[in-house]
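Visitor: need the 3D shape of this:
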Amino acid sequence: MSLPKGLSPLLAPAVLLSGASLAWTTWSLVDLLGTGPIGLTVAAGADIVWAAVIAAEARGLRIPAWGRNVVPAIGWAALLAVAGLLVWHGIRGHSLPMAVAGPLLPLGAKVIWLLALADMRDPAALTEKERAVLASMERGLTFEEEQHRIEMRRREMAAERQLAEVAVDFEIELTRMDKGRELARRRPLELTYDPAEPLAHRAEPPAEPQHLLRSSTQVAAPEPRARTHEPDGASFGFAAHLNTQSAQRAQAVERVAELLAQDPGLTSAQVAERLNVSAATAKRYLREARQT
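Guide: Predicted coordinates:
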């Protein structure tokens with residue numbers, strides 16, 4: 001009969017001895033305690049302890065203490081305690097054979113289990129120290145991975161904070177530009193003041209075409225010539241300002257008339273250049289000079 005791979009033929013006697021040891025130990029402890037059926041709890045508990053330690057050894061469980069694994073020591077301590085109780089039961093029953101043969105069942109089961117576990121152990125398997133070294137390296141690698149993950153989270157947080165600051169600065173700059181354009185649209189029109197140009201002629205409509213101007217001069221009555229003499233008495237305020245403008249306008253028309261007498265082909269551009277006035281004012285002066 002072939003067993004599955006990894007199993008030892010010693011498992012069968014180990015299991016049989018464990019069952020016999022459980023039965024013998026349970027009866028002996030119940031008889032020793034003399035408490036009736038309730039004593040089964042203590043008896044079964046003693047057997048379960050050393051059986052659980054054997055299962056822990058089979059799984060390779062380690063409890064390091066003082067540089068060594070204390071799991072086997074715990075198993076032997078539990079087994080010796082059961083064996084001592086069995087010896088006590090034999091002595092109390094005044095039966096020397098029972099006191100000697102009683103502990104052989106649990107001790108024999110323990111030995112057979114050790115042989116079975118050794119037989120099932122792979123010779124090429126790692127030793128306990130090697131597994132411990134690998135486990136330490138694995139813990140170190142896990143620690144580095146977690147440390148790297150936390151560091152990356154910290155960097156992502158810093159990058160998100162920087163991007164948020166840039167976005168806020170961008171919004172502030174856009175708002176400032178919008179407000180600047182709005183301020184430029186709402187700024188009042190700035191008018192320049194030319195002292196050489198009379199106030200009444202600073203903003204005049206564009207000159208009419210020449211053919212329309214001739215037709216209008218034929219129909220409309222000629223404007224009266226500006227008065228050049230000073231008013232009688234002193235003038236104040238707005239009236240004085242109008243008188244000064246009228247005098248300047250009359251002088252300008254007389255000057256244009258003199259230039260027109262010297263050069264009948266005089267143009268408004270030449271008048272504007274010589275009198276340092278606007279083109280519309282020069283045309284008006286030239287028209288008045290021709291009407292005189």
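
Visitor: alpha carbons only for contacts and neighbour counts from here, please
Guide: Will do.

Visitor: how does this structure divide into domains?
Guide: 11-121, 126-184, 199-217+224-291 (automatic domain parsing).

Visitor: what's the pLDDT at the residue nearest the centre of the chain?
Guide: Nearest residue to the geometric centre of the chain (Cα atoms, centre = their mean): residue 160, 3.4 Å. With respect to pLDDT, residue 160 has a value of 94.

Visitor: helix, strand or coil: sort out it for me.
Guide: Of the three states, residue 160 takes helix under DSSP: H, G, I helix; E, B strand; the rest coil.

Visitor: for residue 171, see how far away it is.
Guide: 16 Å (Cα to Cα, to the nearest Å).

Visitor: just residue 143 next, same as before
Guide: Residue 143 sits 42 Å away from residue 171, going by Cα to Cα.

Visitor: and the helices in the stretch 51-200 of the chain, which stretches?
Guide: For the stretch 51-200 of the chain, applying DSSP state H, counting those that start in this stretch gives helices covering 71-92, 96-101, 104-120, 128-186.

Visitor: now do the buried residues in the shortest one.
Guide: Buried residues in helix 96-101, defined by neighbour count with 16 or more other Cα atoms under 10 Å: 98, 99.

Visitor: any weak-confidence spans in the stretch 51-200 of the chain?
Guide: 188-200 (pLDDT under 70).

Visitor: now with 80?
Guide: The model of the stretch 51-200 of the chain has pLDDT under 80 over residues 51, 57-69, 93-94, 120-128, 186-200.

Visitor: still on that earlier bit, distance of the residue nearest to the centre of the chain from residue 168?
Guide: Counting by Cα to Cα, the gap from residue 160 to residue 168 is 12 Å.

Visitor: next: residue 89.
Guide: According to Cα to Cα, residue 89 stands 88 Å off from residue 168.

Visitor: compare those two (neighbour count), which wins?
Guide: Between residue 89 and residue 168, counted using other Cα atoms under 10 Å, the more crowded position is residue 89 (22 against 12).

Visitor: tell me which element the nearest residue to the more buried one once chain neighbours are set aside is part of?
Guide: Of all residues not flanking residue 89 in the chain, residue 32 sits nearest, at 5.6 Å (Cα to Cα, 6 or more residues apart in numbering). If you go by DSSP states H and E, residue 32 is part of helix 11-33.

Visitor: name the residues of that helix that are buried.
Guide: In terms of neighbour count (16+ other Cα under 10 Å), helix 11-33 has its buried residues at 11, 14, 17-19, 21-22, 24-32.

Visitor: what packs against that helix?
Guide: Contacts defined by 3 or more Cα pairs under 8 Å, 6 or more residues apart in numbering; DSSP states H and E place helix 11-33 against helix 39-58, helix 71-92, helix 104-120.

Visitor: closest to residue 287 out of these?
Guide: Residue 287 sits nearest to helix 39-58 of all the helices and strands packed on helix 11-33, at 126.1 Å, using Cα to Cα.

Visitor: for that closest one, buried residues please.
Guide: Within helix 39-58, the residues that count as buried by 16+ other Cα under 10 Å are 39, 40, 43, 44, 46, 47, 50, 51, 53, 54, 57, 58.

Visitor: can I get the CA coordinates of it in PDB?
Guide: C-alpha atoms of helix 39-58 as PDB (Å, rounded to 0.1, in the frame of the first residue of the first chain):
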ATOM      1  CA  GLY A  39     -13.200  14.600  35.900                       C
ATOM      2  CA  LEU A  40     -13.300  13.900  32.200                       C
ATOM      3  CA  THR A  41     -12.600  17.600  31.600                       C
ATOM      4  CA  VAL A  42      -9.300  17.500  33.400                       C
ATOM      5  CA  ALA A  43      -8.300  14.200  31.800                       C
ATOM      6  CA  ALA A  44      -9.200  15.200  28.300                       C
ATOM      7  CA  GLY A  45      -7.500  18.600  28.800                       C
ATOM      8  CA  ALA A  46      -4.200  17.100  29.700                       C
ATOM      9  CA  ASP A  47      -4.100  14.900  26.600                       C
ATOM     10  CA  ILE A  48      -5.300  17.800  24.300                       C
ATOM     11  CA  VAL A  49      -2.400  19.900  25.500                       C
ATOM     12  CA  TRP A  50       0.400  17.700  24.500                       C
ATOM     13  CA  ALA A  51      -1.400  16.600  21.300                       C
ATOM     14  CA  ALA A  52      -1.800  20.300  20.300                       C
ATOM     15  CA  VAL A  53       1.900  20.800  20.900                       C
ATOM     16  CA  ILE A  54       2.700  17.900  18.500                       C
ATOM     17  CA  ALA A  55       0.400  19.600  15.900                       C
ATOM     18  CA  ALA A  56       2.300  22.900  16.300                       C
ATOM     19  CA  GLU A  57       5.600  21.200  15.800                       C
ATOM     20  CA  ALA A  58       4.300  19.500  12.600                       C
END
